[in-house]
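Student: got a structure for you, letters missing:
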């Protein structure tokens, strides 16, 4: 029997049961790390290695072959959707860097920032309405009439159904009529099957938004875009549908040249995404709406893909970066600088601070009017921005966070309008289902 690790687990009151490393008394999890410099792997920063071992690691890194294979694909172009080089504006800012910048403000500067956020939100975000739409076409899912082998969580199904309901309400998706209500699709021979668009799901994860779409509408061609590998994907169920053609691309949205995907050549498509984290939303918009894929002033050729509509549920605004943001000019016109934007993205994390049983917008009663050079305490170390934040009510922090999210999303909404699309920004589910409940819906002008 192989010798076991000698690390004592006090909570379990036993030794670790993992096998020893060679020439060690411990397993890989409990061997003390070397004092050498650890650096992130340049191929995939999810893991780190000793700097002295970096060159040998690169030759055997499990992600090396994957990266090498991806780099020769025609649809791969590094950083194509990250923003133009002259717009990048420097390094990425971690959450810790953003937090330290906010805590480093004077009380007056912080008060000015909060009041600016309140003023801008009141002037540009008043039209974000409720739009919780559950279409009849999705009854097969909402009534739990689907295959029991498929995962079912009501809160996710409600979100997925409402995304599709808003697309139908906006005229992008067409209901299949009575057959859709009963959960069966019309045959290919009936109706105008050629009018059914292809679907590209960005940040697809396991692909269950597309699964609902395929079950409830006459979708035939599906492209799933996801950079990570997942178990229990919807792919197996989707491939069992005889009329469905499925393709999954394991690639970062930042590097995807959609116009070069062979299966989308000359094909009208619908872009969807449920909870596209932070800058992934901005990269998706660039990927779909740019000179590479949609020439809004010129007639598209047969070799270009054609966006007919999109629905993107935004989330994780705290991960947004100035260099990736789609509408910097709009922010600057509002008086929001790069530093203000970084602070706002950190403040968005406050949006989950309070109870979301009811709509929080407009419920905050906070007032941070602080005059310049005002001394709140004789000792500045006892009352600073960090302490002020701690003393704010949870509901007030949540309202500030939601305001920041809305302002960021309105900038994206305005960018879509500037590029000739009809669009809406709505709350697609109640906040008690998900506080991340903003949805961008758009279509080409008819």
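Tutor: Looks like it came in fine. What you are looking at is a predicted structure, and each value in this text was computed from that prediction instead of being measured.
Student: remind me what the longest helix along the chain packs against, helices and strands.
Tutor: Longest helix of the chain, by residue count under DSSP state H: helix 394-418. Applying 3 or more CB pairs under 8 Å, 6 or more residues apart in numbering; DSSP states H and E, one finds that helix 394-418 contacts helix 107-124, helix 279-288, strand 306-315, helix 328-333, helix 338-347, strand 421-427, strand 438-444. Just so you know, the C-beta spots here come from the backbone N, C-alpha and C atoms, and that holds for glycine as well.
Student: need the winner for burial among these.
Tutor: For these, ranked by mean neighbour count under the definition mean count of other CB atoms under 10 Å, the leader is helix 279-288 at a mean of 26.
Student: so which of the helices and strands packed on helix 394-418 gets nearest residue 56?
Tutor: Using CB to CB as the measure, helix 279-288 is the one of the helices and strands packed on helix 394-418 that comes nearest residue 56, at 33.1 Å.
Student: what residues of the longest helix of the chain count as buried?
Tutor: By neighbour count with 16 or more other CB atoms under 10 Å, helix 394-418 contains the buried residues 395-416.
Student: tilt between that helix and helix 107-124?
Tutor: Orientation of helix 394-418 against helix 107-124 (axes from the mean of the first three to the mean of the last three CA atoms, to 10 degrees) gives an angle of 50 degrees.
Student: show me where the protein has its helices.
Tutor: Using DSSP H, the helices found in the chain span residues 54-60, 64-71, 95-103, 107-124, 139-142, 154-169, 178-181, 208-216, 235-239, 279-288, 328-333, 338-347, 385-391, 394-418.
Student: among these, which comes closest to residue 225?
Tutor: Nearest to residue 225 among the helices of the chain is helix 279-288 (8.6 Å), distances taken as CB to CB.
Student: so residue 283 touches residue 82, yeah?
Tutor: Yes - with contacts counted by CB atoms under 8 Å, residue 283 reaches residue 82, the gap being 6.7 Å.
Student: between those two, which contacts overlap?
Tutor: Overlap of the contact sets of residue 283 and residue 82 (by CB atoms under 8 Å, 6 or more residues apart in numbering) consists of 254, 324.
Student: related to what we said a few turns ago, nearest to residue 132, of the helices of the chain?
Tutor: For those, proximity to residue 132 was assessed by CB to CB; helix 154-169 is nearest, at 5.6 Å.
Student: what helices or strands is the closest one leaning on?
Tutor: helix 139-142, helix 208-216, strand 268-277, strand 306-315, strand 438-444.
Student: mean pLDDT added to these, as JSON lines?
Tutor: Supplementary listing: these in JSON lines, determined by pLDDT from 0 to 100:
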{"stretch": "helix 139-142", "mean pLDDT": "90"}
{"stretch": "helix 208-216", "mean pLDDT": "93"}
{"stretch": "strand 268-277", "mean pLDDT": "94"}
{"stretch": "strand 306-315", "mean pLDDT": "95"}
{"stretch": "strand 438-444", "mean pLDDT": "96"}
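Student: okay, and the helix or strand of this structure with the least pLDDT?
Tutor: Across the helices and strands of the chain, mean pLDDT, DSSP states H and E gives its lowest value to helix 178-181, namely a mean of 37.
Student: can you list the weak-confidence ranges in the stretch 1-150 of the chain?
Tutor: When residues are selected by pLDDT under 70, those of the stretch 1-150 of the chain lie in 1, 34-35, 84-90.
Student: average pLDDT across stretch 411-431?
Tutor: Stretch 411-431 carries an average pLDDT of 96.
Student: give the burial count for residue 205, as a bare number.
Tutor: 16 (other CB atoms under 10 Å).
Student: for it, phi and psi?
Tutor: When read as degrees, to the nearest 10, the backbone of residue 205 gives phi 60, psi -130.
Student: isn't it right up against residue 230?
Tutor: Yes - in terms of CB under 8 Å, residue 205 counts as a neighbour of residue 230; the distance is 6.0 Å.
Student: tilt between the longest helix of the chain and strand 306-315?
Tutor: Going by the same axes, to 10 degrees, helix 394-418 makes 170 degrees with strand 306-315.
Student: report the distance from helix 394-418 to the chain centre.
Tutor: Its chain's C-alpha centre and that of helix 394-418 lie 15 Å apart, by CA atoms, centre = their mean, to the nearest Å.
Student: do the same with stretch 319-337
Tutor: 17 Å.
Student: span of that stretch from start to end?
Tutor: The straight-line separation of the ends of stretch 319-337 (CA to CA, to the nearest Å) is 17 Å.
Student: how about the residue most central in space within the chain: what's its closest non-neighbour residue?
Tutor: In the chain, the centroid-proximal residue (CA atoms, centre = their mean) is residue 276; its distance is 1.6 Å. Spatial nearest neighbour of residue 276, excluding adjacent residues (CB to CB, 6 or more residues apart in numbering): residue 203 at 4.7 Å.
Student: and for residue 169?
Tutor: Setting aside the residues directly before and after it, residue 169 is nearest to residue 133 in space (CB to CB, 6+ apart), at 5.4 Å.
Student: I figured that neighbour hits residue 170, correct?
Tutor: No - here residue 133 does not reach residue 170: they are 9.5 Å apart, not a contact under CB under 8 Å.
Student: am I right that residue 327 is in contact with residue 415?
Tutor: Yes - between residue 327 and residue 415 there is a contact at 4.2 Å, judged by CB under 8 Å.
Student: before we move on, the earlier item: mind listing what the residue nearest to residue 276 touches?
Tutor: Going by CB under 8 Å, 6+ apart, residue 203 touches 225-226, 253, 273-277, 280, 284.
Student: can I get those residues in CSV including distance to residue 53?
Tutor: Formatted as CSV, those follow (distance: CB to CB, whole Å):
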residue, distance to residue 53
225, 33
226, 30
253, 31
273, 38
274, 40
275, 37
276, 36
277, 32
280, 32
284, 37
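Student: what is the nearest of these to residue 7?
Tutor: When the contacts of residue 203 are compared against residue 7 (criterion: CB to CB), the nearest one is residue 277, at 35.3 Å.
Student: how far away is the closest residue to the closest one other than its chain neighbours from residue 256?
Tutor: Closest residue in space to residue 277, ignoring its immediate chain neighbours: residue 316 at 3.8 Å, by CB to CB, 6+ apart. According to CB to CB, to the nearest Å, residue 316 stands 19 Å off from residue 256.
Student: could you do residue 46 as well?
Tutor: 20 Å.
Student: more crowded one of these two?
Tutor: residue 256 (25 against 9).
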